[in-house]
Structure formats: structure tokens, C-alpha cells
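the sequence and its predicted three-dimensional model are supplied below.
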Amino acid sequence: MLQRFQHFVRPLHRPILTPFCKSLTGISQQDVDQAPLFPVAATALREFVAETDFPRVAWMSWGAYDFKQIARDSQRHGIASQLRMRSWVRSFFRFLLAMLFYLR
């Protein structure tokens, strides 16, 4: 991993975090309440991608949820998709393969 982008977004839909979500992610309700709306985060992501235009860049997330949520929010706000990467890696599968290799 060469660079990392992380940004909280204040959701319009279901803005109150569940206890499960807070426990799973470590994100607090205050983090979410103080976060900007999606268009601000999308601009920051677009700028990040533009600054990190490596020849073999890939988007990586634990699973499909983050990737799909960004696409949904982009559509909801009428913003072009911010993820025009050449490839996408589900890090969960990489982790699983590493654990299987380690445990054998």
C-alpha cells in the first residue's frame, strides 16, 4: 500500500449509528455528526485520486460494501463516480488467503 484515503461522511439516510456499527467499526456518533456531507468527501476523494495517479493503482476495501456505497451516494447526489480505478481488491479475500497459507 502506497497511500491511504479515509473520510467520514454524515449520512442523510439513517444518520444514527447502531450500537453494533459503533462496536464493529470504532466510529463514534460524534465522528459522524461532525463529518461533512458526501459531496465534500467526494471532492476530497477525487483530489486524492488525481494526486495519486500511479500506473498500477487499485482501489482496496474490506468488502464490496464501501465500493457500492460510494456508487450509491454518487448517484444520489448527482456526482460522477469517484472510483475510476483500473482494479478493485477485496482485502478480505487477501486476508483469508494469507491466513489459510499461514495455518497450513
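Arrived safely, thanks for sending. Residues are numbered from 1 along each chain as shown.

identify the residue spatially nearest to Pro36, adjacent ones excluded.
The spatial neighbour of Pro36 that comes closest, neighbours along the chain excluded (Cβ to Cβ, 6 or more residues apart in numbering), is Arg10 at 6.4 Å. C-beta here means a position set from N, CA and C on the backbone, and glycine is covered the same way.

pull the number of nearby residues for that neighbour.
15 (other Cβ atoms under 10 Å).

contact partners for it?
Arg10 makes contacts with Val32, Asp33, Gln34, Ala35, Pro36, Leu37, as judged by Cβ atoms under 8 Å, 6 or more residues apart in numbering.

endpoint to endpoint, stretch 19-33 covers what distance?
Stretch 19-33 has an end-to-end distance of 15 Å (criterion: Cα to Cα, to the nearest Å).

now name the helix or strand holding the residue minimising distance to the centre of the chain.
Among the residues of the chain, the one closest to the centroid is Asp66, at 4.5 Å (Cα atoms, centre = their mean). Per DSSP states H and E, Asp66 falls inside helix 64-76.

mind saving the C-alpha coords of that helix as PDB?
Provided in PDB are the C-alpha atoms of helix 64-76 (Å, rounded to 0.1, in the frame of the first residue of the first chain):
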ATOM      1  CA  ALA A  64     -18.000  -4.800  -1.600                       C
ATOM      2  CA  TYR A  65     -20.000  -2.500   0.800                       C
ATOM      3  CA  ASP A  66     -17.700   0.500   0.600                       C
ATOM      4  CA  PHE A  67     -17.400   0.400  -3.200                       C
ATOM      5  CA  LYS A  68     -21.200   0.000  -3.600                       C
ATOM      6  CA  GLN A  69     -22.000   2.700  -1.100                       C
ATOM      7  CA  ILE A  70     -19.800   5.300  -2.900                       C
ATOM      8  CA  ALA A  71     -21.500   4.400  -6.100                       C
ATOM      9  CA  ARG A  72     -25.000   4.800  -4.500                       C
ATOM     10  CA  ASP A  73     -24.100   8.100  -2.900                       C
ATOM     11  CA  SER A  74     -22.600   9.400  -6.100                       C
ATOM     12  CA  GLN A  75     -25.800   8.600  -7.900                       C
ATOM     13  CA  ARG A  76     -28.000  10.100  -5.100                       C
END
